[in-house]
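Colleague: after the sequence you'll find the predicted model.
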Amino acid sequence: MSEQDHLADNMRAIREARGLSQEQISKIAGVPRATWTHLESGAANPTLAVLIKVANALQIRLDELLATPRQSARLLRADELPTRQRGPVAIRKLLPEPLPGLDLERMALPAGARMAGVPHTPGTREYLTCERGVIELAVAGEKFTLGEGDVVIFRGDQRHAYHNPGASLTIAYSAIAFAPHG
């Protein structure tokens with residue numbers, strides 16, 4: 001595919017993902033609809049000024065307009081996701097691409113396992129969900145015992161720790177909503 005094909009495919013895909021018609025987005029961009037249609041057909045040879053207007057209207061960087069289009073879906077097998085060990089606890093990232101301000105992890109705690117959490121920046125919220133087994137969360141001098149399906153929400157900027165008091169493997173998920181910078 002040529003850069004013009006990339007441009008056309010990216011413009012169409014992003015516009016459609018935003019739920020906008022060619023007429024609506026061309027008004028936002030400040031370019032004639034005929035120009036937009038011509039760009040999406042892959043037949044245009046736009047100026048830099050037009051490309052900048054298009055990128056601004058779509059709220060993306062200029063280099064993203066010309067990049068190889070992203071696949072509409074991508075399957076990642078469990079063994080392809082980043083995994084790390086913290087003592088006996090296996091932690092697997094569930095978001096293979098960074099999403100600003102959000103982290104989602106799967107924790108596998110063997111029977112009796114303990115793990116200290118890492119306090120985050122002030123204002124961070126954490127959501128702990130127990131999928132299988134039992135997990136205890138100690139945070140700010142309190143202890144919460146979660147069974148399957150239970151959720152606890154807590155300030156992630158505090159000292160906290162996880163413990164599997166059961167006799168079998170516990171699976172839990174941690175969603176971390178980081179506080180915005182500044």
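Modeller: Perfect, I can see it now.
Colleague: quick check, central residue of this structure?
Modeller: In the chain, the C-alpha nearest the mean C-alpha coordinate belongs to residue 99, at 3.4 Å (Cα atoms, centre = their mean).
Colleague: measure that one to residue 13 for me?
Modeller: Distance from residue 99 to residue 13, counting by Cβ to Cβ, to the nearest Å: 19 Å. C-beta here means a position set from N, CA and C on the backbone, and glycine is covered the same way.
Colleague: go on, residue 27?
Modeller: 20 Å.
Colleague: element containing residue 120?
Modeller: Counting by DSSP states H and E, no helix or strand carries residue 120.
Colleague: next one: phi and psi at it?
Modeller: Dihedral angles of residue 120 (phi, psi; degrees, to the nearest 10) stand at phi -100, psi -170.
Colleague: is residue 51 in a helix, a strand, or coil?
Modeller: Following DSSP: H, G, I helix; E, B strand; the rest coil, the label given to residue 51 is helix.
Colleague: which ones are touching the closest residue to residue 150 other than its chain neighbours?
Modeller: Closest residue to residue 150 apart from its sequence neighbours, by Cβ to Cβ, 6 or more residues apart in numbering: residue 130 at 5.2 Å. Listed by Cβ atoms under 8 Å, 6 or more residues apart in numbering, the contact partners of residue 130 are 146, 147, 148, 149, 150, 151, 170, 171, 172.
Colleague: next one: residue 141
Modeller: Residues counted as contacts of residue 141 (Cβ under 8 Å, 6+ apart): none.
Colleague: distance of it relative to residue 162?
Modeller: Residue 141 is 16 Å from residue 162, by Cβ to Cβ.
Colleague: could you do residue 174 as well?
Modeller: Taking Cβ to Cβ, one finds residue 174 at 9 Å from residue 162.
Colleague: cool, residue 22 as well?
Modeller: 51 Å.
Colleague: residue 92 now?
Modeller: For residue 92, the distance to residue 162 - Cβ to Cβ - is 15 Å.
Colleague: quick one: which of these two has more around it?
Modeller: residue 162 (23 against 15; other Cβ atoms under 10 Å).
Colleague: and the more buried one, its phi and psi?
Modeller: Dihedral angles (degrees, to the nearest 10) for residue 162: phi -120, psi 150.
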